[in-house]
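>>> heads up, no residue letters with this:
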């Protein structure tokens with residue numbers, strides 16, 4: 001089976017635009033969760049990890065009218081994808097047969113809400129269909145493909161919070177099977193009223209910036225942004241002189257179909273995904289050096305996830321660094337898996353374990369664990385795991401290793 005390597009990364013997060021801003025923010029332990037300003041919301045919680053800087057997406061081959069009407073998630077996706085392609089050294093010829101695999105959940109929902117608000121307020125005398133261009137979930141993949149000239153297979157995945165982790169897995173699988181010589185995996189999502197109100201109604205939002213694994217945790221903080229990874233076989237990368245930044249060693253996706261919103265109490269699907277990914281990678285649990293946890297900050301999810309990790313890693317878990325970067329970036333929903341895959345690649349590449357910020361009072365049930373509280377830590381991880389668990393029981397785990405050279 002050919003080795004699948006990551007040759008390009010791109011990101012837009014609440015820490016800023018670009019992988020450099022993400023890496024710097026992670027190293028500094030900055031929390032990008034603050035007061036929500038994108039739309040008014042007088043509810044239980046009013047904080048989020050919002051992309052506050054204006055994102056100007058490269059239009060490339062897009063018609064001017066289309067470029068003007070892109071949704072925020074479409075812009076995020078295009079900026080992250082363009083950065084990843086530049087970093088990988090992709091030109092028009094290399095990109096022609098590249099596959100595009102995108103994970104998302106909200107699409108242009110915010111723009112749809114704005115169109116409705118404007119019509120109700122009398123600002124528009126009729127609904128303008130052009131304002132709804134980004135509503136379909138598949139628009140981000142179409143925009144990236146057209147703007148960057150990537151004309152291979154194109155697929156969109158929407159499996160709740162595991163959407164873009166699944167996109168990474170399916171992109172790697174397409175390269176492994178020889179469907180495409182290289183693939184671009186993208187995750188993108190934006191804040192919107194519907195999602196925010198839904199999580200608020202579930203009482204799943206912490207009124208303060210989320211604090212995964214803390215004894216006083218009260219819920220998650222929503223976030224937004226995009227991340228992209230260029231994947232190709234090691235042989236293909238070497239032949240064109242590209243430098244591998246990490247290796248995708250294995251992956252697995254499962255469904256426990258237990259409940260629409262609650263995780264399986266025993267973490268059955270999550271356990272199967274993590275165990276399956278390690279088996280696919282031919283990596284023993286003892287060889288893993290870092291875990292980028294799903295770590296949402298809800299009482300139930302954190303407890304189930306730690307239970308799964310204890311069952312997989314056993315006694316070694318007390319010596320295994322675990323952190324949740326949702327404490328800095330918020331929960332980016334469909335984009336979370338790709339964002340956290342990029343974070344994990346950075347941990348491997350830069351030798352820096354990102355912290356679980358806001359973790360002030362460790363839950364007594366986990367006082368034997370290394371949850372990388374407060375500040376990041378220099379280390380030399382060789383193999384890392386990143387897992388994403390979504391509503392409806394959608395579970396994906398990725399096993400990543402250092403670049404092959």
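Good, I have the coordinates. Predicted model only: the values in this text are computed from it and were never measured.

>>> What ranges in the chain fall below the confidence cut-off?
1, 93, 130-131, 133-134, 261, 404-405 (pLDDT under 70).

>>> mind checking the SS state of residue 207?
Following DSSP: H, G, I helix; E, B strand; the rest coil, the label given to residue 207 is coil.

>>> Tell me, how many residues neighbour it?
Residue 207: 12 surrounding residues under other C-beta atoms under 10 Å. Yep, even glycine has a C-beta here, placed from its N, CA and C like the rest.

>>> residues contacting it?
Shown in contact with residue 207 (C-beta atoms under 8 Å, 6 or more residues apart in numbering): 44, 45, 46, 47, 218.

>>> What of residue 327?
Applying C-beta under 8 Å, 6+ apart, the residues near residue 327 are 31, 209, 210, 211, 212, 295, 297, 355, 356, 357, 358, 359.

>>> With residue 291 instead?
Counting by C-beta under 8 Å, 6+ apart, residue 291 touches 309, 320, 321, 322, 323, 384, 385, 386, 387.

>>> separation between the closest residue to residue 209 other than its chain neighbours and residue 204?
Once flanking residues are discounted, residue 209 sits nearest to residue 33: 3.8 Å by C-beta to C-beta, 6 or more residues apart in numbering. Separation of residue 33 from residue 204 (C-beta to C-beta, to the nearest Å): 15 Å.

>>> Show me which of the two is the more surrounded one.
Taking neighbours as other C-beta under 10 Å, residue 33 and residue 204 compare with residue 33 leading, 26 against 22.

>>> isn't that one right next to residue 211, touching?
No. Residue 33 is beyond contact range of residue 211, at 10.2 Å (criterion: C-beta atoms under 8 Å).

>>> Which helix runs longest in this structure?
helix 72-88 (DSSP state H).

>>> Tell me the buried residues in the helix or strand where residue 342 lies?
Residue 342 belongs to helix 336-350 when assigned by DSSP states H and E. Buried residues in helix 336-350, defined by neighbour count with 16 or more other C-beta atoms under 10 Å: 336-349.

>>> For the closest residue to residue 214 other than its chain neighbours, give me its contacts.
Leaving aside its chain neighbours, residue 214 sits nearest to residue 359 (5.2 Å; criterion: C-beta to C-beta, 6+ apart). Counting by C-beta under 8 Å, 6+ apart, residue 359 touches 211, 212, 213, 214, 327, 371, 373, 374.

>>> Residue 59 too?
Counting by C-beta under 8 Å, 6+ apart, residue 59 touches 67, 147.

>>> now it, what's its secondary structure?
Classification of residue 59 using three-state DSSP returns coil.

>>> Let me know the outermost residue of the chain.
The centre of the chain is farthest from one residue, residue 125, which by C-alpha atoms, centre = their mean lies 38.4 Å away.

>>> Could you look up the SS state of it?
With three-state DSSP as the criterion, residue 125 reads coil.

>>> how close does residue 240 get to residue 88?
9 Å.

>>> same deal with residue 279?
In this view, residue 279 and residue 88 are 29 Å apart by C-beta to C-beta.

>>> just to revisit the earlier point, the residue nearest to residue 214: which element?
Going by DSSP H and E, residue 359 is not in any helix or strand.

>>> would you list every one of the helices in the chain?
So, for the chain - with DSSP H - the helices run 19-28, 64-68, 72-88, 92-95, 109-121, 139-148, 163-176, 193-201, 234-239, 268-281, 299-313, 326-329, 336-350.

>>> would you list those in CSV and tack on distance to residue 58?
Listed next are the helices of the chain as CSV, based on distance: least, C-beta to C-beta, whole Å:
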stretch, distance to residue 58
helix 19-28, 16
helix 64-68, 9
helix 72-88, 5
helix 92-95, 14
helix 109-121, 20
helix 139-148, 7
helix 163-176, 21
helix 193-201, 27
helix 234-239, 24
helix 268-281, 34
helix 299-313, 37
helix 326-329, 23
helix 336-350, 19
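
>>> Which parts of the protein belong to which domain?
What automatic domain parsing lists as the domains of the chain is 4-239, 250-400.

>>> And the last one, end to end?
This means domain 250-400. End-to-end distance for domain 250-400: 7 Å, by C-alpha to C-alpha, to the nearest Å.

>>> Tell me how far it lies from the chain's centre.
Counting by C-alpha atoms, centre = their mean, to the nearest Å, domain 250-400 is centred 13 Å from the centre of its parent chain.

>>> Repeat that for the first one.
A distance of 8 Å separates the C-alpha centroid of domain 4-239 from that of its chain, computed with C-alpha atoms, centre = their mean.

>>> Could you tell me the end-to-end distance of it?
Start and end residues of domain 4-239 are separated by 14 Å (C-alpha to C-alpha).

>>> Equivalent analysis for stretch 313-320, please.
Stretch 313-320 end-to-end distance (C-alpha to C-alpha) = 9 Å.

>>> For it, which residues meet the burial criterion?
313, 317, 320.

>>> Can you tell me which of these is nearest residue 363?
Taking C-beta to C-beta as the measure, residue 363 lies nearest residue 317 of the buried residues of stretch 313-320, at 14.5 Å.

>>> quick one: contacts for that closest one?
The neighbours of residue 317, taking C-beta under 8 Å, 6+ apart as the test, are 309, 310, 369.

>>> Just the buried residues of those residues.
Among the contacts of residue 317, those buried by neighbour count (16+ other C-beta under 10 Å) are 309, 369.
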